[in-house]
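Visitor: turn this into a model:
(2 chains)
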Number of protein chains: 2
Amino acid sequence: MSSNVNAPTQFLEINGDRYAYRRFGKRGGMPLLFLQHFTGTLDNWDPAVTDPLASERDVILFDNAGVGRSSGSVPGSVAGMAMHALAFLDGLGIETCDVLGYSLGGMVAQEMALDRPSIFRRMILAATAPRGGEDIMHLEKASLAKHFGNSELKGYAILQKIFFAPTASSQAAGEAFVGRLNQRKEDRDAVPGPEVAGAQMAAFREWARVNGERFASLKDVRQPTLVFNGVHDEMIPVRNSYWLSENLPNAALLTFPDSGHGSIFQFSQAFTRQATAFLAADGPFAPY
Amino acid sequence: MSSNVNAPTQFLEINGDRYAYRRFGKRGGMPLLFLQHFTGTLDNWDPAVTDPLASERDVILFDNAGVGRSSGSVPGSVAGMAMHALAFLDGLGIETCDVLGYSLGGMVAQEMALDRPSIFRRMILAATAPRGGEDIMHLEKASLAKHFGNSELKGYAILQKIFFAPTASSQAAGEAFVGRLNQRKEDRDAVPGPEVAGAQMAAFREWARVNGERFASLKDVRQPTLVFNGVHDEMIPVRNSYWLSENLPNAALLTFPDSGHGSIFQFSQAFTRQATAFLAADGPFAPY
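Guide: Okay, the predicted model is just below:
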């Protein structure tokens, strides 16, 4: 079975840029592009999320410029990341696809849909925020800084703390998530360094600025959209998902309890079931 | 096929009270109790919502005390209504069931779950609010008063305005909803008068009061719960659904776009599909 545990990393050269990606699953239908979170690489995609979707779909995971084994440097704006993602899809010859944009990736997806509306058929925006959103990725606040300042937490152990809620059930799910990420042993991306984090953080700060009437640009994103989050997300609080669903003209919202930024991983079975049902609906409306 | 278009009204006498109800669908499994909205009777249940659920389940529609053809007078509190609903289920010999509480009915369902936790297995709370919620049923505010003050609107035509969003698509869905309610020609309930509305409005005002720590009692409602609403609900704004899903320990939230208080009727197909999937999940967690 196709899986992000062992799918080979591929490389696409276009306009002097090299993009790392993995493509697996069932070919022939509408591809599903995955856009990744802050400092995340191809290896940060939980196989419990990618693989059930790949069982019915053509799944494409993508390292944006300067991340993992993609060349170049990380743009300091979401708009710059959107340009790279569009160039990558152009290079693959994909005119229209579905998208699962997670956290930073959800912002990139929104920008792509505004820049080129034909690029997406249906969108899933998970644990993300609209332009002009609030309390986006403030790692310096107490609830998050305590984990970054804890020298006993290394690598994925920090993700378990910051992506999951501080309950026994959510932390257990976080431990299982880390175990799944560690299943891939070979052909792994390099872990991004501080220069990646810095540029992506600059992009978050730019994205949080209100340009003109707040949330007005969302009216131009007409794709059927599923907005998703955990209600206890400390990194991009759930009210940002509320704003997305209230201001996008064609969006359903789904939230799950006892979970935070990593709700899609904690409830991977329910999330992929809902995502599959949403993507399988081919009508003009988001409700599915 | 069983349908609220023609299911016979039945009567249960218990403790000197007489309750009107309709019970139809597939018997043998967990019954699904429907609890109704402000001034709504058995005839206000849209067959597009009841009938798909009845195709797999034992559906019970219920007129609370003083409503439709149930005897007595309407209690001036949600707690009073919950006592009648529990007495009714006791009379039917039902110890545990599922519930779909809509608007006022969603408040009654919450109160029942607090008063007797064993009464519900899974709960669907649609277009409703927690105790201490905000802007609950203020019919005097401009966005609603303009419809009540419009003498050209009679009967269900007012529901089309206040249950649906002011878009062409939502109003068209509202017209279809009214058409479906009018399909039932015989054995109809009397339309409730101002004394019903007055007592129910007193119950809303009492429910909006904060007792102690706001939303704290929701922690004691442990049932897997699906909270549902349209994002443009003017009667019980969607932020009340956000509070429910953030404070109930085990609740998923689903919202739909381009719709208001009557979102379950506007998107009856998607809503009943989601409700069916949620009720079919028999695990301890709300995500489905």
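
Visitor: which residues in the stretch 151-288 of chain A form strands?
Guide: Applying DSSP state E, counting those that start in this stretch to the stretch 151-288 of chain A gives strands spanning A:225-230, A:251-256.

Visitor: just send these back as JSON lines, with mean pLDDT and mean neighbour count too.
Guide: Placement of C-beta: from N, CA and C, glycine included. As requested, those are exported to JSON lines (pLDDT from 0 to 100; neighbours: other C-beta atoms under 10 Å in any protein chain shown):
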{"stretch": "strand A:225-230", "mean pLDDT": "98", "mean neighbour count": "28"}
{"stretch": "strand A:251-256", "mean pLDDT": "98", "mean neighbour count": "26"}
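
Visitor: closest one to chain B among those strands?
Guide: strand A:251-256 (4.3 Å; C-beta to the nearest C-beta).

Visitor: re the thing from before, save the strands of the stretch 151-288 of chain A as JSON lines, and put in distance to residue B:149 too.
Guide: What follows is these, written out as JSON lines (distance: least, C-beta to C-beta, whole Å):
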{"stretch": "strand A:225-230", "distance to residue B:149": "36"}
{"stretch": "strand A:251-256", "distance to residue B:149": "33"}
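
Visitor: out of those, flag the one nearest residue A:52.
Guide: strand A:225-230 (15.1 Å; C-beta to C-beta).

Visitor: around chain B, pick out the residues from the stretch 101-250 of chain A.
Guide: Counting by C-beta under 8 Å from any C-beta of the partner chain, the residues of the stretch 101-250 of chain A close to chain B are A:231, A:238-239, A:242, A:245-246, A:248-250.

Visitor: go again with 10 Å.
Guide: Counting by C-beta under 10 Å from any C-beta of the partner chain, the stretch 101-250 of chain A comes close to chain B at A:167, A:169, A:224-225, A:227, A:229-232, A:238-239, A:241-242, A:245-250.

Visitor: how many neighbours does the residue nearest to residue A:192 when sequence neighbours are not counted have?
Guide: In space, and not counting its chain neighbours, residue A:192 is closest to residue A:39: 4.7 Å by C-beta to C-beta, 6 or more residues apart in numbering or on different chains. For residue A:39, the neighbour count with other C-beta atoms under 10 Å in any protein chain shown is 18.

Visitor: show me the contacts for residue A:39.
Guide: For residue A:39, the contact set (C-beta atoms under 10 Å, 6 or more residues apart in numbering or on different chains) comprises A:67, A:74, A:104, A:159, A:191-194, A:196-197, A:200-201.

Visitor: would a markdown table of those residues with neighbour count be doable?
Guide: Shown next, in a markdown table, are those (neighbours: other C-beta atoms under 10 Å in any protein chain shown):
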| residue | neighbour count |
| --- | --- |
| A:67 | 26 |
| A:74 | 24 |
| A:104 | 28 |
| A:159 | 22 |
| A:191 | 12 |
| A:192 | 20 |
| A:193 | 9 |
| A:194 | 9 |
| A:196 | 21 |
| A:197 | 14 |
| A:200 | 24 |
| A:201 | 20 |
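
Visitor: which of the residues you listed fall in helices?
Guide: A:104, A:159, A:194, A:196-197, A:200-201 (DSSP state H).

Visitor: and which of these is nearest residue A:5?
Guide: residue A:159 (17.5 Å).

Visitor: got a list of what the closest one touches?
Guide: Contacts of residue A:159 (C-beta under 10 Å, 6+ apart): A:37, A:39-40, A:44, A:147, A:153, A:174, A:177-178, A:181, A:261-262, A:265.

Visitor: just those: which are in helices?
Guide: A:147, A:174, A:177-178, A:181, A:265.

Visitor: buried ones among those residues?
Guide: Buried by 16 or more other C-beta atoms under 10 Å in any protein chain shown: A:147, A:174, A:177-178, A:181, A:265, out of the ones in helices among the contacts of residue A:159.

Visitor: for the residues you listed, point out the one with the lowest pLDDT.
Guide: Taken together, these show their lowest pLDDT at residue A:147, with 94.

Visitor: model confidence for the closest residue to that one other than its chain neighbours, exactly?
Guide: Once flanking residues are discounted, residue A:147 sits nearest to residue A:161: 4.2 Å by C-beta to C-beta, 6+ apart. On pLDDT, residue A:161 comes in at 96.

Visitor: next one: residue A:1
Guide: pLDDT, residue A:1: 71.
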